[in-house]
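Student: Just a sequence and a predicted model for now, questions to come.
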Amino acid sequence: MKTIDDLAVAGRRVMVRADLNVPLDGDRITDDGRIRATLPTLTALLDRGARVVVCTHLGRPGGKQDLRYSLAPVAARLGELLDREVEFPGDIVGPAAHAAIAAMPRGGLVMLENLRFNESETSTDDMSRGYFADRLAAPVDLYVADGFGAMHRKHASVYDVPLRLQSAAGYLVQAEVAALGRLTADIRRPYVVVLGGAKVADKLGVIGSLITAADEILIGGAMAFPFLAAQGHKVGSSMLETSQVDVAAGYLEQAARAGTEIILPSDVVVAAERAAGAPHQVVAADAIPADQMGLDIGPESAALFADTILRAGTVFWNGPMGVYELAPDADGTRAVAQALTGSRAFTVVGGGDTGAAVRVLGFPDSAFGHVSTGGGASLEFIQGKALPGLAALAW
Ligand code: 3PG
């Protein structure tokens, strides 16, 4: 794969497609891990005299300018971390953006406004995306892909722009491909996959191929409820889409045939509402009261999950085990993180949410084999799917 080391960047205008889709509380960034992860690429380009144009999406504003998703706080944080001025014209492909890019000195940096304020960015219509990509590419000379977390999206800035410019991968993408590549070939076994989190609809589909690849799959977080329901258990008022129960039942059968163990929580931390102050209790996973919702895996499950992880040769973890942002519901996620750090396995933490969770709970990235910035992207990559952003670079 061609990297930024292969590009002559001095004096050139270089567009860096990053994934700075960071968690926000109002306009406060609660975890800046994704911004920090792209600093090596940006610093290298700036030090080599490039004129850098950073672009990214933030959230899902739906193709409209919605200032709750403005990148202004991200531009400010990037400036602090780089200790340089970050020009933020508040525009994407309009005159203000083009003027800022034209005026930038060597070693200067401009950050464009949220790409998803333009509906063409995510359009499934090739013409619409292509027209937007032409306008993004017009004021720059080169393209660097450093937003691994978005590379599974066939979006204008990810797929169409690199088809129009000389392109290369940034250091973040290079490191992701090297580390995640170890989960696609010569896997050290047992291979344990830990899945959780709240984006059940997005992730349920990957379990089929993971059943083929993994030896054991541990399921916590909201992802556990369709499986518990498929086993005939009532899940109270826990997060559950009934359409997912049949899918989960199919996976349980598929796993049984393949000899892959799917391990579900045996106990669950429940409360009547998703609030730190609500009375919490631990109940058996097959006895969740009707008016209570599961907010974390229980201590017995946490111990079982930790034990399985400690016996593994390779562990891939995507998705917190509970609502880790609430102190009473963080123990399951903490126990899994602790087990990964104590394991001799090659450990990969995948996903913006999971990376943020381990950092918020006090675990440094260095405690794991690799902390991926990509959630959906890392899941697709380890299943062997072609990521549009990587395909465009190889073109
Ligand atoms: C992520 O957070 O997984 C990436 O930034 C991609 O975001 P998306 O799921 O909204 O495309």
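Tutor: It's in.
Student: Count the neighbours of residue 55 for me.
Tutor: 25 (other C-beta atoms under 10 Å). Heads up, the C-betas are built off the backbone N, CA and C, glycines and all.
Student: Residue 283 in helix, strand or coil?
Tutor: The assignment at residue 283 comes out as strand when based on DSSP: H, G, I helix; E, B strand; the rest coil.
Student: and it, what pLDDT?
Tutor: Here the pLDDT value assigned to residue 283 is 98.
Student: okay, now residue 244: neighbour count?
Tutor: 18.
Student: How about the contacts made by the residue nearest to residue 60 when sequence neighbours are not counted?
Tutor: For residue 60, ignoring the flanking residues on the chain, the nearest one in space by C-beta to C-beta, 6 or more residues apart in numbering is residue 116 at 6.7 Å. Contact partners of residue 116, counting by C-beta atoms under 8 Å, 6 or more residues apart in numbering, are 57, 58, 59, 60, 61, 62, 63, 69, 122.
Student: Can you flag the buried ones in these?
Tutor: Taking 16 or more other C-beta atoms under 10 Å as the criterion, what is buried in the contacts of residue 116 is 57, 58, 61, 69, 122.
Student: List just the nearest of those to the ligand.
Tutor: The shortest approach to the ligand among these belongs to residue 57, at 6.6 Å (C-beta to the nearest ligand atom).
Student: shouldn't that closest one be in contact with residue 115?
Tutor: Yes - here residue 57 reaches residue 115: they are 4.9 Å apart, a contact under C-beta atoms under 8 Å.
Student: Quickly list what's touching both of these two.
Tutor: Contacts common to residue 57 and residue 115, judged by C-beta under 8 Å, 6+ apart, are 121, 155, 157.
Student: Let's see if you can find the most crowded of those.
Tutor: residue 157 (31 neighbours).
Student: isn't there a helix covering it?
Tutor: Yes - with three-state DSSP as the criterion, residue 157 is part of a helix.
Student: That one contacts residue 135, correct?
Tutor: No - if you go by C-beta under 8 Å, residue 157 and residue 135 don't touch, sitting 10.9 Å apart.
Student: follow-up on the earlier one: filter the contacts of residue 116 down to the ones in helices?
Tutor: Counting by DSSP state H, these place none of their members in helices.
Student: quick one: which of the residues you listed is nearest residue 350?
Tutor: Of all these, residue 350 sits closest to residue 57, with 19.0 Å by C-beta to C-beta.
Student: Before we move on, what's the pLDDT of the closest one?
Tutor: pLDDT, residue 57: 98.
Student: all numbers from here: first residue = 24
Tutor: Will do, 24 is the new start, and the previous item becomes residue 80.
Student: contacting residues for it?
Tutor: With C-beta under 8 Å, 6+ apart, residue 80 has these contacts: 42, 44, 137, 138, 139, 144, 173, 178, 180.
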